[in-house]
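Peer 1: sharing a sequence plus its predicted fold:
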Amino acid sequence: MKNAYDVVKRPLITEKSTKLVEERKYTFEVMQGVNKIEVKNAVEELFKVKVTAVNIINVRKKERKVGKYEGLRPAVRKAIVTLAEGQKLDVFEV
């Protein structure tokens, strides 16, 4: 059994994810290899809310160049979590 704090790494606050908040959709960076059920249980346990849907996106590594140095931006796994009607998270409030 994975710890809920290990499954959900951090909230992703971007311009696009801020627009999704109006539709009760919240975006999190999650641990590689977790499934939708584990993400749903972790969010419900951490924030005491009712989750209706979870969508997961795998973002691949990207090449990154800064001057003469080359490297890779790490791969990230994102989860977009939809909450039940009338519920919200204060993490994303501005």
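Peer 2: Happy to help now that I have it. All figures in this text were calculated on a predicted structure; none of them were measured in a lab.

Peer 1: biggest helix in this protein, by residue count?
Peer 2: If you go by DSSP state H, the chain has its longest helix at helix 36-47.

Peer 1: could you export the host helix or strand of Ser17 as PDB, CA atoms only?
Peer 2: In this assignment (DSSP states H and E), Ser17 forms part of helix 15-20. Provided in PDB are the C-alpha atoms of helix 15-20 (Å, rounded to 0.1, in the frame of the first residue of the first chain):
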ATOM      1  CA  GLU A  15      -2.700  29.100 -16.500                       C
ATOM      2  CA  LYS A  16      -4.500  26.200 -18.100                       C
ATOM      3  CA  SER A  17      -5.000  24.300 -14.800                       C
ATOM      4  CA  THR A  18      -6.400  27.500 -13.200                       C
ATOM      5  CA  LYS A  19      -9.100  27.700 -15.900                       C
ATOM      6  CA  LEU A  20     -10.000  24.100 -15.200                       C
END
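
Peer 1: would you mark the buried spots in that helix?
Peer 2: 17, 20 (16 or more other CB atoms under 10 Å). Bear in mind the C-beta positions are built from the backbone N, C-alpha and C, glycine included.

Peer 1: average pLDDT across that helix?
Peer 2: Averaged across helix 15-20, pLDDT comes to 93.

Peer 1: repeat for stretch 33-41
Peer 2: Rounded mean pLDDT across stretch 33-41 is 95.

Peer 1: check which element follows the longest helix of the chain along the chain.
Peer 2: strand 51-59.

Peer 1: what does that following strand contact?
Peer 2: Strand 51-59 has contacts (CB atoms under 8 Å, 6 or more residues apart in numbering) with 30, 35-36, 39-40, 43-44, 75-84.
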